[in-house]
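Enquirer: build me a model from this:
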Amino acid sequence: MAYWLVKTEPGEYGYADLAGEGRGRWNGVRNFVALGYMRKMQPGDFVFIYHTGKEKAVVGVAEVVAAAYPDPDEADRRLVVVDLAARYRLPRTVSLKEIKANPALSDWQLVRQSRLSVMPVPETLWTLIHSLAGQTPGQQPASPPQ
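Expert: Residues are numbered from 1 along each chain as shown. Below you'll find the predicted structure:
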């Protein structure tokens, strides 16, 4: 199992949209480094959903439910998508400001390559972000995903 982070503009398609649908296609990625990471995603991997724009925070967790496949809405077959299922909203968002202020997170791509829209999350950082959010990794919240 691997851990990932994907970025999205919440006004276009945020965690609440994914949770409302239950399952959604993660598309729109054009950067070839990010696409390379998407090709490595496998069913059962977990993903932080990060809201960009004014929010700039990790807000929830999803699960990869279908490995990368060519984007059916694009002629360029190098562009891929993955299917994600909402799992849970974090009890507290973890802001980029908070992430940047934490020395243990200083080498993470989210800090070093801020424009990258998809990136791996080392397991130690996965656990740390959950801790900062007030949640044990993998622990399901008392209520359904929001």
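Enquirer: residue farthest from the centroid of this protein?
Expert: Among the C-alpha atoms of the chain, the one most distant from their mean position (C-alpha atoms, centre = their mean) is that of residue 75, at 25.3 Å.
Enquirer: now name the helix or strand holding that residue.
Expert: Assigned by DSSP states H and E, residue 75 belongs to neither a helix nor a strand.
Enquirer: same deal with residue 69?
Expert: Using DSSP H and E, residue 69 sits within strand 57-70.
Enquirer: can you show me the CA trace of that strand as CSV?
Expert: The C-alpha coordinates for strand 57-70 follow below in CSV (Å, rounded to 0.1, in the frame of the first residue of the first chain):
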residue,chain,number,x,y,z
ALA,A,57,-5.0,22.6,3.5
VAL,A,58,-5.3,18.8,3.7
VAL,A,59,-9.0,18.2,4.4
GLY,A,60,-9.8,14.5,3.9
VAL,A,61,-8.9,11.0,2.9
ALA,A,62,-9.9,9.0,-0.2
GLU,A,63,-9.0,5.5,-1.4
VAL,A,64,-7.8,4.6,-4.9
VAL,A,65,-10.5,2.2,-6.3
ALA,A,66,-9.3,1.9,-9.9
ALA,A,67,-5.7,2.1,-11.1
ALA,A,68,-4.7,4.7,-13.7
TYR,A,69,-6.3,4.4,-17.1
PRO,A,70,-6.4,6.7,-20.2
